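Engineer: Mind folding the following:
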Amino acid sequence: MFNRFRSMPATAMAAVLGCALMATATPASAQKKEKPKKEEEAKGKGLSASKGFGPSLKKMTDATTAKDAATLQAAVTEGQGTATTPDDKYLVAFYQLQLGILNKDQALQGQALDAMLDSGLTPPENLAVYNFFSGNFAYAAKDYPKAIKRLEAARAAGSTEANVPVLLMDSYLSSGQVDQGIAIAKTAIEASRAAGQRPSDELYVRPIKALQAANRTNEVLDLMTLRMRDYNQPTVWRQTLFTMLQANPDKEIGLDVLRLMRATGAMQQRPEYAEYAALATEAALPGEVVSLIKAGKQSKVIPDSDAKFNELLKSQAERMGDEETTLTAYAQKPSTLSNPKVAGATGDAMVGYGRYGDAIPLYKAALTAGGDKELWTYRLGVAQAHSGDVAGAKASFAQINGPRKRLAQLWTAKIDAPPAAPAAPAAPAAAPATGS
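Structural biologist: Modelled structure (predicted):
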């Protein structure tokens, strides 16, 4: 589940914001008369306190150095009364920020940052950090338009804060600007991957939820497919593949989806076993049904006492008979190899018995004989992947451009994915029950 980011603790803020302006905030009487050097000019104009404001500034400076909140509060109140110039007012706001940090008063910190940023006097080197914290506070207060303004400014100023993309993305999504939020997320995802880092899962989960709410199913699946590259976990596979089952009523494709679910260890509840078994039974694949039910029992998802599965296991074992023994000879007959449907169906039967290497020539024969190019190329790729022919599998999957294109992309993601990462957050959508 998506958890909103909390504001940075006062101690961490103090370390970042600190007293960044102390060196440049000095009374006018103490300012040097000579012209600034070129390198100083490049940093922008320093702040000059007016003569009448000087005593208040010294009190605020001394109280901040001593970390004396009570004295600083009195000095800030005095400074508000003696500040007359824009520079004076900027300096008062700066010490309000220090007071807010000392008192852990986020509201005061936010007010002070706004005053400094709105003044136009913030030194360029501080724009990124000040805008980030102002945007962070606005986000926490659910003021998303302000959060967007400040976080965009932080990004433009070169902020390196890791949370900027996630906060900015969620601010756009929460304000109803879904496309902008998704664009931010995708840019941040690819930037993280280019840097050799795994993107935050929030960059996937929050846009997926927003797209689900908008009933933009194809885009949901696009993003879920991208997510599999970085979050190769059974739970995440299950979320993605159940969404595919919901979106596609085709039985043959449904069977292929469930096969991928099994291959990724994502079959975790009885309903998916029930639907898979029903579809495989209907496709006349008793060996696959028997193998599936035995696997479900071994994993304890199907209890030994489950009467319906026990009855199905018995009937399919009887139907299976000695089919596997006869498959090898049958698979070599010219009449099998020359008939695309028969060759392909025989390949499916081989796969049901786990004989992936033996299925490969049968799928190739089905293609040579003029069979359904997408169907048999896809299943060829699956058999190649299972048999360890990674290059062949990826080449086969790359040819898929029809209804199984997304499945081919997911198989490619499975092949390329690193070992399973730590558990991801809870599902972005509840998985539907499938079958009975």
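
Engineer: where do the helices sit along the stretch 101-250 of the chain?
Structural biologist: With DSSP state H, counting those that start in this stretch applied, the stretch 101-250 of the chain shows helices at 106-119, 124-140, 144-156, 164-174, 178-194, 202-213, 217-227, 234-247, listed in chain order.

Engineer: most tightly surrounded among those?
Structural biologist: helix 164-174 (a mean of 24; mean count of other Cβ atoms under 10 Å). In this view, the C-beta of every residue, glycine as well, is placed from N, C-alpha and C.

Engineer: What residue spans form the domains of the protein?
Structural biologist: Each domain of the chain is listed here as a residue range: 1-27+46-122, 125-215, 330-416, per automatic domain parsing.

Engineer: quick one: which of the helices of the stretch 101-250 of the chain is nearest residue 408?
Structural biologist: Shortest separation from residue 408 across these is recorded for helix 217-227, at 10.2 Å, computed as Cβ to Cβ.

Engineer: Distance to residue 254 and mean pLDDT for the domains of the chain - can I get that in a markdown table?
Structural biologist: Below are those laid out as a markdown table (distance: least, Cβ to Cβ, whole Å; pLDDT from 0 to 100):
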| stretch | distance to residue 254 | mean pLDDT |
| --- | --- | --- |
| domain 1-27+46-122 | 28 | 79 |
| domain 125-215 | 20 | 94 |
| domain 330-416 | 11 | 95 |
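
Engineer: To residue 232, which of those lies closest?
Structural biologist: For residue 232, the closest of the domains of the chain is domain 330-416, at 7.3 Å, according to Cβ to Cβ.

Engineer: can you give me the end-to-end distance of the closest one?
Structural biologist: 35 Å (Cα to Cα, to the nearest Å).

Engineer: Same check on stretch 205-224?
Structural biologist: Using Cα to Cα, the span of stretch 205-224 from its first residue to its last is 9 Å.

Engineer: the strands in this structure, which residues?
Structural biologist: Remark: strands assigned in the chain by DSSP state E are 26-27, 48-49.

Engineer: Looking at the domains of the chain, which is nearest to residue 234?
Structural biologist: Minimum separation from residue 234 across the domains of the chain (Cβ to Cβ) falls at domain 330-416, 11.5 Å.

Engineer: right, and the domains of the chain - which one's nearest residue 223?
Structural biologist: Shortest distance between residue 223 and the domains of the chain, using Cβ to Cβ, is found for domain 125-215: 5.3 Å.

Engineer: And the closest one, how far out from the chain middle?
Structural biologist: In terms of Cα atoms, centre = their mean, to the nearest Å, the gap separating the centre of domain 125-215 from the centre of its chain is 12 Å.

Engineer: repeat for stretch 55-74
Structural biologist: For stretch 55-74 - counting by Cα atoms, centre = their mean - the centre lies 45 Å from the chain centre.

Engineer: Quick one: end-to-end length of it, please.
Structural biologist: Span of stretch 55-74 from end to end, Cα to Cα: 13 Å.

Engineer: Could you do stretch 195-210 as well?
Structural biologist: The first and final residues of stretch 195-210 sit 27 Å from each other (Cα to Cα).

Engineer: now the helices of the stretch 101-250 of the chain as JSON lines including distance to residue 410?
Structural biologist: What follows is the helices of the stretch 101-250 of the chain, written out as JSON lines (distance: least, Cβ to Cβ, whole Å):
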{"stretch": "helix 106-119", "distance to residue 410": "44"}
{"stretch": "helix 124-140", "distance to residue 410": "34"}
{"stretch": "helix 144-156", "distance to residue 410": "32"}
{"stretch": "helix 164-174", "distance to residue 410": "24"}
{"stretch": "helix 178-194", "distance to residue 410": "17"}
{"stretch": "helix 202-213", "distance to residue 410": "14"}
{"stretch": "helix 217-227", "distance to residue 410": "6"}
{"stretch": "helix 234-247", "distance to residue 410": "7"}
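
Engineer: among those, which is nearest residue 386?
Structural biologist: Using Cβ to Cβ as the criterion, the shortest distance between residue 386 and the helices of the stretch 101-250 of the chain is 16.0 Å, found for helix 234-247.

Engineer: Restrict that closest one to CA atoms and write it as PDB.
Structural biologist: The C-alpha coordinates for helix 234-247 follow below in PDB (Å, rounded to 0.1, in the frame of the first residue of the first chain):
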ATOM      1  CA  PRO A 234       5.800 -14.100  -7.200                       C
ATOM      2  CA  THR A 235       3.300 -11.700  -5.600                       C
ATOM      3  CA  VAL A 236       4.000  -9.000  -8.200                       C
ATOM      4  CA  TRP A 237       3.700 -11.600 -11.000                       C
ATOM      5  CA  ARG A 238       0.400 -12.700  -9.600                       C
ATOM      6  CA  GLN A 239      -0.900  -9.100  -9.500                       C
ATOM      7  CA  THR A 240       0.100  -8.600 -13.100                       C
ATOM      8  CA  LEU A 241      -1.200 -11.900 -14.500                       C
ATOM      9  CA  PHE A 242      -4.500 -11.700 -12.700                       C
ATOM     10  CA  THR A 243      -5.000  -8.300 -14.200                       C
ATOM     11  CA  MET A 244      -4.300  -9.900 -17.600                       C
ATOM     12  CA  LEU A 245      -6.900 -12.600 -16.900                       C
ATOM     13  CA  GLN A 246      -9.500 -10.000 -16.100                       C
ATOM     14  CA  ALA A 247      -8.800  -8.000 -19.300                       C
END
